[in-house]
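*Asks:* Next come a sequence and a model predicted from it.
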Amino acid sequence: MKSEGAIPAHIAIVMDGNGRWAVKRRRPRTFGHQAGLKALRKIIEHCGRLGVSELTVFAFSSENWNRPKTEINRLMDLFMRALDREIDELQANEVRLRFVGDLSAFVPELQESVERAERRTRANKRMTLNVAANYGGRWDIVNAARRIGERVAAGHLSPEQIDEALLASQLALAGGRDPDLLIRTGGEMRISNFLLWQSAYSELYFTPLLWPDFGPEALDEAIDAYRARERRFGRTSEQVRTKSA
Ligand code: IPE
Ligand code: IPE
Ligand code: MG
């Protein structure tokens, strides 16, 4: 495959397929989530090696609360232990860890662990890892709208001043760039309420590989596919090739 474009600076991933991976092995779904964490670890390392500057992963959606209570509890447990276990290594690799989503729904211990990890890694510059937990794209936009509404109501802002840049500045990933490449593993071809606003012009890549099976080679393949694409942002192919405005 021809690889000519730049490497994506920001990659977003819907890490789907843990449950099916486990069921195929006649193991409980939680076993799949454990394997999913191992896969994530390898992908973070690989992104670091490739020079990807931002990685955003969907770990738990606002709709995942609809799952059986036992699975949710095991997932929370896993998050908690993974955070404590991995934080030193993230710090050593100069990864900044950031959580996006409504964390107030999590148990206080997990919220504290998250805050500690964010504070500790805040100054790291090599790569930013955004973990979307209790995140929903609609929640994100509603939240931004509410904050803007408060400023309007307080008389600090007029409705005419509301534009795309202002709205984007109130979203969870504000300050970074929009994802260049959005990958979903597990074979489903849907967004499932991930980064609705931020993925407006992301290149989408779907693979049937289940998340625990998605390794560095699979990521290389996704990046190759991305690099072979032409991002036009509404312009014509001729314009893009001649780099005219
Ligand atoms: C994704 O894997 C992880 C979470 C949603 C937490 P799933 O648990 O959705 O796996 P499948 O889709 O059931 O195989
Ligand atoms: C999306 O996967 C959310 C995460 C990967 C965390 P789901 O498995 O929850 O998505 P649906 O329900 O199949 O759309
Ligand atoms: Mg799923």
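*Replies:* Now that the structure is in, tell me what you want to look at. Numbers count the residues shown, from 1 in each chain. Ligands and ions are numbered 1, 2, ... in the order given.
*Asks:* For the helix or strand hosting Val152, list every residue counted as buried.
*Replies:* Using DSSP states H and E, Val152 maps to helix 137-153. Of the residues in helix 137-153, those scored as buried under the neighbour-count criterion (16 or more other CB atoms under 10 Å) are Gly137, Trp139, Asp140, Ile141, Ala144, Ile148. Heads up, the C-betas are built off the backbone N, CA and C, glycines and all.
*Asks:* Do a quick rundown of the strands in this structure.
*Replies:* Assigned by DSSP state E, the chain shows strands spanning 10-14, 54-61, 95-100, 127-135, 181-184, 203-206.
*Asks:* Adding mean pLDDT and distance to ligand 1, write those strands out as TSV.
*Replies:* As requested, the strands of the chain are arranged in TSV below (pLDDT from 0 to 100; distance: least, CB to the nearest ligand atom, whole Å):
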stretch	mean pLDDT	distance to ligand 1
strand 10-14	98	8
strand 54-61	98	5
strand 95-100	96	15
strand 127-135	97	9
strand 181-184	98	10
strand 203-206	98	13
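*Asks:* Could you name the stretch from these that's closest to Ala22?
*Replies:* The closest approach between Ala22 and any of these, judged by CB to CB, belongs to strand 54-61 at 16.6 Å.
*Asks:* Distance from the closest one to the middle of the chain?
*Replies:* Between the centre of strand 54-61 and the centre of its host chain there is 3 Å, according to CA atoms, centre = their mean, to the nearest Å.
*Asks:* Give me the contacts around that strand.
*Replies:* The set of residues that contact strand 54-61 without belonging to it, under CB atoms under 8 Å, 6 or more residues apart in numbering, is 9-15, 40, 43-44, 47, 75, 79, 100-101, 127-136, 173, 176-177, 179, 192-195.
*Asks:* Direction included, what does it pair up with?
*Replies:* If you go by DSSP bridges, strand 54-61 pairs up with strand 10-14 (parallel), strand 127-135 (parallel).
*Asks:* thinking again about what came up before, mind giving me CSV with the strands of the chain and columns for distance to Ser158?
*Replies:* Output for these, formatted as CSV (distance: least, CB to CB, whole Å):
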stretch, distance to Ser158
strand 10-14, 32
strand 54-61, 33
strand 95-100, 29
strand 127-135, 30
strand 181-184, 34
strand 203-206, 36
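*Asks:* now Asn130: how far from Thr236?
*Replies:* 33 Å (CB to CB, to the nearest Å).
*Asks:* Of all the strands paired with strand 54-61, which one comes closest to ligand 2?
*Replies:* Using CB to the nearest ligand atom as the criterion, the shortest distance between ligand 2 and the strands paired with strand 54-61 is 4.8 Å, found for strand 10-14.
*Asks:* That closest one near ligand 2 at all?
*Replies:* Yes. Counting by CB under 6 Å from any ligand atom, ligand 2 has neighbours in strand 10-14: Val14.
*Asks:* which residues sit against that strand?
*Replies:* The contact list for strand 10-14, computed with CB under 8 Å, 6+ apart, reads 43, 47, 52-58, 176-186, 191-192, 194-195, 198-199, 202.
*Asks:* Generate a PyMOL selection restricted to the buried subset of the residues you listed.
*Replies:* Those of the contacts of strand 10-14 that meet the burial criterion (16+ other CB under 10 Å) are gathered into one PyMOL selection, given here:
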select buried, resi 43+47+52+53+54+55+56+57+58+176+178+179+180+181+182+183+184+185+186+191+194+195+198+199+202
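*Asks:* near ligand 2, from the contacts of strand 10-14?
*Replies:* Contacts with ligand 2 are made by Phe58, Ser192 out of the contacts of strand 10-14, judged by CB under 6 Å from any ligand atom.
*Asks:* which one of Asn130 and Thr236 has more residues nearby?
*Replies:* With other CB atoms under 10 Å as the criterion, Asn130 and Thr236 differ in neighbour count, and Asn130 comes out ahead with 25 against 10.
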